[in-house]
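[1] curious how this folds, go ahead:
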Amino acid sequence: MSTAREVALRAAICAFLALFATALVALSPGAKAWAAPGGVSAHASSAVAEPAAPADPAAPPGRAVLAADGHALAPLDAPPAVRRVIAAANRIRTRPYVWGGGHGRWWDRGYDCSGAVSFALHGGELLDSPLPSGPMMSWGAAGLGRWITVFANAGHAYAVIAGLRWDTSGNTTGTGPRWHTDMADSRGFVARHPAGF
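    Residues are numbered from 1 along each chain as shown. So this is what the prediction gives:
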């Protein structure tokens, strides 16, 4: 089989699996929307409309994969909360960097480092309200997580989610929240993770 045909076949299988998983989640008892546009303390006039979430194929087990367009594909074996964290981050992955962005309301015109991490965690129902980077130093449980680790210090925060770095720094094109395959130097940061993840 040619490489192009093999890639097309794998993409079709992944798309089918993603649609199937989405249908299962939608039909599960207790399924609910995790955030409405406007979110925390939002004013109707300043809310940004929620973009449509595309159905994504899944990545192979164990690690998320960065797609050519810059969004992350969740691993097949990722828990539902982790898949929701990745989906939430994908929704804002092209927004610009805005200092304080994502702290006054969930849907914002741009996000700073801790606003972007907070938004992603909120998507997985792992955080109720946005946190600045300093308080993230004591959020959750200490140490590295299996699926999600937040690295924070008094001035910056980023996360490693299913093997990809979610960060507002280290971008080669544009500014703001982006996925990265390379890892950042974590010296000077406190590692925290959501319990169980």
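[2] in the chain, where is pLDDT below threshold?
    Residue ranges of the chain with pLDDT under 70: 1-61, 172-174.
[3] and the strands in it?
    Listed in chain order, the strands of the chain (DSSP state E) span 65-66, 72-73, 141-142, 148-152, 157-161, 164-167, 178-180, 190-193.
[4] would you list the ones you listed in a markdown table and tack on distance to residue 100 and mean neighbour count?
    From N, CA and C alone the C-beta is placed, and that goes for glycine too. Output for those, formatted as a markdown table (distance: least, C-beta to C-beta, whole Å; neighbours: other C-beta atoms under 10 Å):
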| stretch | distance to residue 100 | mean neighbour count |
| --- | --- | --- |
| strand 65-66 | 27 | 18 |
| strand 72-73 | 25 | 22 |
| strand 141-142 | 27 | 11 |
| strand 148-152 | 16 | 26 |
| strand 157-161 | 14 | 26 |
| strand 164-167 | 17 | 24 |
| strand 178-180 | 19 | 21 |
| strand 190-193 | 22 | 20 |
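[5] between those, which gets nearest to residue 127?
    Proximity to residue 127, assessed across the strands of the chain by C-beta to C-beta, is greatest for strand 148-152 (9.7 Å).
[6] who does the closest one pair up with?
    strand 157-161 (antiparallel), strand 190-193 (antiparallel) (DSSP bridges).
[7] with distance to residue 134 added, can I get those in TSV?
    Shown next, in TSV, are the strands paired with strand 148-152 (distance: least, C-beta to C-beta, whole Å):
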stretch	distance to residue 134
strand 157-161	9
strand 190-193	10
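[8] between those strands, which gets nearest to residue 128?
    strand 190-193 (15.8 Å).
[9] tell me which residues are up against the closest one.
    136-146, 148-153 (C-beta atoms under 8 Å, 6 or more residues apart in numbering).
[10] and if we set it to 6 Å?
    For strand 190-193, contacts defined as C-beta atoms under 6 Å, 6 or more residues apart in numbering pick out 137, 139, 140, 141, 143, 144, 145, 148, 149, 150, 151, 152.
[11] good, we can wrap up now.
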